[in-house]
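# Have a look; sequence and predicted model below, questions after that.
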Amino acid sequence: MSKTVGIDLGTTYSLIAYQDPATGRPRCVQGPYGTPLCPSIVSVDPDGAILVGEPARRRLLTQSSRTIYSVKRLMGRGIDDVQDELKLFPFEIAPESANVLRVRLGDRVLTPPEISAFILRELRQWAEQLFGEPVDRAVITVPAYFNDAQRQATKDAGRLAGLEVLRLVNEPTAAALAYSLHEKRSGKVAVYDFGGGTFDISILKLVSTGEGEIYQVLSTNGDTHLGGDDLDNLLLSRAREEILREHGVDLAAHPEAVQELRKSLIRAKHDLSAEDRTAVIFDLPGGGTWVREFSRAEFESWIAPIVERTIGPVKMALGDAKLAPSDIDEVVLVGGSTRVPLVRRRVEEFFGRRPHIELNPDEVVALGAAVQADILESGVRDMLLLDVTPLSLGIETMGGVVAKIIPRNSTIPASAQEMFTTGVENQTGIDIHVLQGERELAKDCRSLARFTLRVPPGPAGLARIEVKFLIDASGILQVSAKDLRAGAQHSIEVQPSYGLGDTEIERMLEESIEHAEQDFTERQLIEARNEAEITLVATQKSLARDQAQALAGDERRAIDDAVALLREAMSGRDYKLIRTRLDALNTATEHLAELQMNHALSEALEGKRLGQV
Amino acid sequence: MTSASTTTITAICWSCGKPAASGHFCAACGKIQPLAGDADYFAFFGLPQKLSIDAGDLEQRFHALSWKLHPDNFVRASESERELSLERSSQLNDAYRTLLDPISRVEYLLAHQGMRREGQHKQQAPPELLEEVFELNESLDELRMARAAGGDPEERARLSKTLSAAAKKFEASLAGVDAELRQLFAAWDKAIDADADETARRALMERMNAALNRRSYIRNLVAGVHGELAENC
């Protein structure tokens, strides 16, 4: 029997969870690195192998042109949509990006759904190793504010990873599900989900009925391009300005150094969630060190405008639900960015009540997805999610104006029928343009599909074609048309304005099977060699420093021996041997690492004194 | 016509072939049924076509039907049943959204009875307000011109004040139309209960239609004024 899982395909991290039959509760699968968080990073090896997660993250610093992070920002988007992202993210967009974005990674050109599929496949392997059985069905979460194209791209990614996507569930809704299991709740709940790349707010009503609990989403709002990434990018651009001003070093020519700096700043951001002060020590390319102390107050003054951008959508969602902040009974925080103290304070101030933070904000969405997966798989239901479509669906009418046919925040599935006819004699086609968005004009909304209804020639107004627009429970649009005169329903092929066509997905699936069949050991070997390489470089660096003089003679010999043995193993193909010898080297260098650490600490203190002068 | 909900037309079940399929599910085999051609949102909830609806009761019916019809129930069912569930649950949601709001509810009833066609109803200026509408439009024009010319702030403030006062007045007449509609709702429900004849019901529907046209005219007017005032700040 195969298992059904819940997957949180996040901007920064992705997780996979399942309903644990032993406890009746959802659980995240721990990956090979001892954490359920799989960095949403993919790297293409020169020999074509794909690295995902932690090993790919390590390559961000050494092979940044072959490695991609935050690919979720590109999902379901066209070239014109991503111009802002391109200024901030090192995405290399391939020239053949007419309908679908294509990203160049080393010598491969991949679409965002293909890249996301690598992440999904990795997670799937984690689960399959744990269960010892295949996993082929999943519930995947998406930001509530994702539009049709972004949802479709996510579903395509699932399909490319060999998963049947039973349902896409909105992230805040999944979180509400997990939270309510944790502690029974009722009344009106606001879920504030501030993640790595997206912000969502959902207002839910929890109702107990004879059959079970109903989680009815009343309204949702958000910004699919607002998240922790924005905080990081802000810190990064400020730091780069300072480095240029103080040291005359322009990091634009050093992409690897930019990644290194970004990593240090993210660490500082994390530190400031717990500490009042922190310091960043950054080795400049070409010598010199940038030492910068940050206080939490300074950090907060920088990020306040970004945090404030979340409040507009919160007000909109409340307005659509016809509620005031004081009507909300519970506030739930989700997403890594809600660890930032300023975010918590702002939410508490807005709602006038202390938000819930009992569950790990990184895991709660995946846990909720696992609950929904179990509901769908087992058919045993004591809860029901009624979610909404975040954006109004419309069709273009005369003068480029959009006529709304399904309003935003309609419970899904939702549908609308429209009748179309011909305007002139012997007209043989009626053009239909479907859009999503709240603006009045078609040019300001997101184009979802354009198609032509074919009609037999005849007098104007004789044709009567009924078009049915249906948004399914995953928030994805289906269109069908019926010729009322003929009475026969002919389903029409609706070509999305953007995104992948069916034939393209078939082709990618075939390709991915070829690629995916690469030997498991081959991959393990690459990963082990990479890690060994990183450790060897670090060891050589450490040994070259002054503190290495303090090592005892036999300690030094033990390290040299361990290095030699590891090198020997690396020339072979036995990844287990490489791992064993890597562990041995790590043990041998423990004292050296300690010496190094002490020195770094005293250096940091010195830096501080200098700063104070 | 009001007795339509009681004289059930027995439909044949697509699955078991028994004449027991007039509801959401076949009474004989329990399979979900396709939608009939002409949907009646009221009948969908087992309600008569009355306009006074208790929101709490409607919500309970909505939740009870959601448990039965939602696609979650049909993940492992046959493809055709999955499609029927999608169709029927989307209609449930559309019907609930429409009937929950009193205005969309009466608009739906009138459309269903062939009294009001989408996109074809006129927005009528209420005759008793014609003079005020004329004055309001003049003030709006003046304000637009003053702004376009970069006009002096005092003049613009004066115009803003006039407009706000006029908007208040129109909001009051909007409340009047809403009160009128409530009375018509009650009259309609009484007519349904009394099984009143076609002529009496038609007359009521005509009046509701006229009230709706006035209402949408005034609403647009008020929204226009507020939009203009917001730009003037």
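Structure received.
# ok, which stretches of chain B are helices?
B:41-44, B:55-69, B:79-100, B:102-112, B:130-148, B:153-193, B:198-232 (DSSP state H).
# what's the domain layout of the chain?
All of this is about chain A. A:3-226+A:313-386, A:228-307, A:393-487, A:520-612 (automatic domain parsing).
# Can you look at chain B instead?
Segmentation of chain B into domains, based on automatic domain parsing, reads B:2-100, B:127-232.
# related to what we said a few turns ago, can you say which of the helices of chain B is nearest to chain A?
helix B:79-100 (3.7 Å; Cβ to the nearest Cβ). C-betas here are computed from N, CA, C, even on glycine.
# Could I get the contacting residues of the residue located most distally from the centre of chain B?
Relative to the centre of chain B, and counting by Cα atoms, centre = their mean, the farthest-placed residue is residue B:152 at 44.0 Å. Applying Cβ atoms under 8 Å, 6 or more residues apart in numbering or on different chains, we find residue B:152 in contact with residue B:146.
# can we see that at 7 Å?
Contact analysis of residue B:152 by Cβ atoms under 7 Å, 6 or more residues apart in numbering or on different chains lists nothing.
# what's the neighbour count on residue 191?
Going with chain A. For residue A:191, the count of nearby residues is 31 (other Cβ atoms under 10 Å in any protein chain shown).
# My question was about chain B, not that one.
Neighbours of residue B:191 (other Cβ under 10 Å): 18.
# cool, the one 3 residues further on as well?
Applying the criterion other Cβ under 10 Å, we find 10 residues in the vicinity of residue B:194.
# Same check on residue B:55?
Residue B:55 has 11 neighbouring residues, counting by other Cβ under 10 Å.
# One more: residue A:120?
By other Cβ under 10 Å, the residues close to residue A:120 number 27.
# still on that earlier bit, for residue B:140, see how far away the residue farthest from the centre of chain B is.
18 Å (Cβ to Cβ, to the nearest Å).
# ditto for residue A:168
46 Å.
# what do you get for residue A:283?
Separation of residue A:283 from residue B:140 (Cβ to Cβ): 65 Å.
# Those two - which one has more neighbours?
residue B:140 (19 against 13).
# Pull the contacting residues for the more buried one.
The contact partners of residue B:140, by Cβ under 7 Å, 6+ apart, come to B:163, B:225, B:228.
# wait, doesn't the last one sit right on residue B:142?
No - shown here, residue B:228 and residue B:142 do not form a contact pair, counting by Cβ atoms under 7 Å, at 10.8 Å.
# Now do the phi/psi pair for residue A:309.
phi -60, psi -20 (degrees, to the nearest 10).
# isn't it right up against residue A:226?
Yes - Residue A:309 is within contact range of residue A:226, at 5.8 Å (criterion: Cβ under 7 Å).
# If you count surrounding residues, which of the two has more?
Using other Cβ under 10 Å, the more surrounded residue of residue A:309 and residue A:226 is residue A:226, with 22 against 13.
# Make sure the more buried one is indeed in a strand.
No - read with DSSP: H, G, I helix; E, B strand; the rest coil, residue A:226 is coil and lies in no strand.
# Look up the residues forming beta bridges with the nearest residue to it once chain neighbours are set aside.
Nearest residue to residue A:226, sequence neighbours excluded (Cβ to Cβ, 6 or more residues apart in numbering or on different chains): residue A:199, at 4.3 Å. Counting by DSSP bridges, residue A:199 is bridged to residue A:194, residue A:223.
# I'd say residue A:199 and residue A:310 touch.
Yes - at 5.3 Å, residue A:199 and residue A:310 qualify as touching, with contact defined as Cβ under 7 Å.
# Return every residue with contacts to both of those two.
residue A:226.
# Pick out whichever of these two has more residues nearby.
Neighbours were counted for residue A:199 and for residue A:310 using other Cβ under 10 Å; residue A:199 has more, 28 against 24.
# Return the residues in contact with the more buried one.
A:193, A:222, A:223, A:226, A:227, A:310, A:313 are the contacts of residue A:199 under Cβ under 7 Å, 6+ apart.
# mind checking how far the fifth one is from chain B?
So the one you mean is residue A:227. 30 Å (Cβ to the nearest Cβ, to the nearest Å).
# do the same with the second one
Residue A:222 sits 21 Å away from chain B, going by Cβ to the nearest Cβ.
# Hmm, that residue is touching residue A:144, no?
Yes - between residue A:222 and residue A:144 there is a contact at 6.0 Å, judged by Cβ under 7 Å.
# shared neighbours of the two, which are they?
residue A:200.
# The two: who's more crowded?
Taking other Cβ under 10 Å, residue A:222 and residue A:144 do not tie; residue A:144 has more neighbours (30 against 27).
# Now for the more buried one: which residues touch it?
A:170, A:171, A:172, A:173, A:200, A:202, A:220, A:222, A:390.
# what's the neighbour count on the closest residue to residue B:27 other than its chain neighbours?
In space, and not counting its chain neighbours, residue B:27 is closest to residue B:20: 3.9 Å by Cβ to Cβ, 6+ apart. For residue B:20, the count of nearby residues is 18 (other Cβ under 10 Å).
# How about residue A:319?
Neighbour tally, residue A:319, other Cβ under 10 Å: 12.
# likewise the one 3 residues further on?
Neighbourhood size, residue A:322 [other Cβ under 10 Å]: 10.
# Sounds good, over and out.
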